[in-house]
Every structure is written in structure tokens, then in C-alpha cells.
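**Q** everything below, folded, please.
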Amino acid sequence: MTDDPMVAALLREREGYVQGGLDDRVAAVDEQLALRGHTPPSDAPPTTASGEKAQDRSTPPRRRRAPRKDTT
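**A** Coordinates of the predicted model:
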């Protein structure tokens, strides 16, 4: 990680754009990172704090129950 709060904020912003598929925004953030002397990271899949791969949010959680139907 970095000690510069602006670079840290840009990296968090970039991660959100990568997850959202906004390539033009990713390029703009990469440009700002380069201006601050930081090399933009590769587009590796995001990981959680424990180092494991982040869960894909496009699939619903397992064992989710369907809403109950009203019988009245």
C-alpha cells in the first residue's frame, strides 16, 4: 500500500471502476496515478483483506430462500 492518502484514494476509486467495467474512467485514474509517480496496478482480480479472491457479486448468495407467497 502507499503512505500518500491521495494515491490510496485513487487506487480505491480505480478498483471500483474496474469492477464496474468503466475502462475510460480507469484510464483517467491511471493517468492521475502516473502524474503522482505511482505505477498503475495490473488488472488482477480484486482480493479481500485476508488475501482470498473476492466473491463475484453477479451471482446470488447460496441457500437464499424464495419469498413466501401470500395465501390470503
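**Q** need the pLDDT of residue 42.
**A** Predicted confidence (pLDDT) for residue 42: 75.
**Q** residue 66 too?
**A** Model confidence at residue 66, given as pLDDT, is 75.
**Q** the spatially closest residue to residue 30 that is not a sequence neighbour: what secondary structure?
**A** Among residues not flanking residue 30 along the chain, residue 40 sits closest, at 4.0 Å (CB to CB, 6 or more residues apart in numbering). The C-beta positions use only the backbone N, C-alpha and C, and glycine is treated the same way. When classified by DSSP: H, G, I helix; E, B strand; the rest coil, residue 40 comes out as coil.
**Q** ok, residue 40 - contacts?
**A** Neighbour list for residue 40: 14, 29-30, 33-34 [criterion: CB atoms under 8 Å, 6 or more residues apart in numbering].
**Q** gap between it and residue 62?
**A** Applying CB to CB, to the nearest Å, the value for residue 40 to residue 62 is 35 Å.
**Q** same thing with residue 35?
**A** Distance, residue 35 to residue 62, using CB to CB: 44 Å.
**Q** higher neighbour count, those two?
**A** Comparing residue 35 with residue 62 by neighbour count (other CB atoms under 10 Å), the higher total belongs to residue 35, at 9 against 5.
**Q** are any of the contacts of residue 40 buried, and which?
**A** For those, a burial check counting by 16 or more other CB atoms under 10 Å picks out 14, 29-30, 33.
**Q** could these go into CSV alongside distance to residue 70, pLDDT and secondary structure?
**A** Converted to CSV, the buried ones among the contacts of residue 40 look like this (distance: CB to CB, whole Å; pLDDT from 0 to 100; DSSP: H, G, I helix; E, B strand; the rest coil):
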residue, distance to residue 70, pLDDT, secondary structure
14, 46, 93, helix
29, 48, 93, helix
30, 51, 92, helix
33, 53, 92, helix
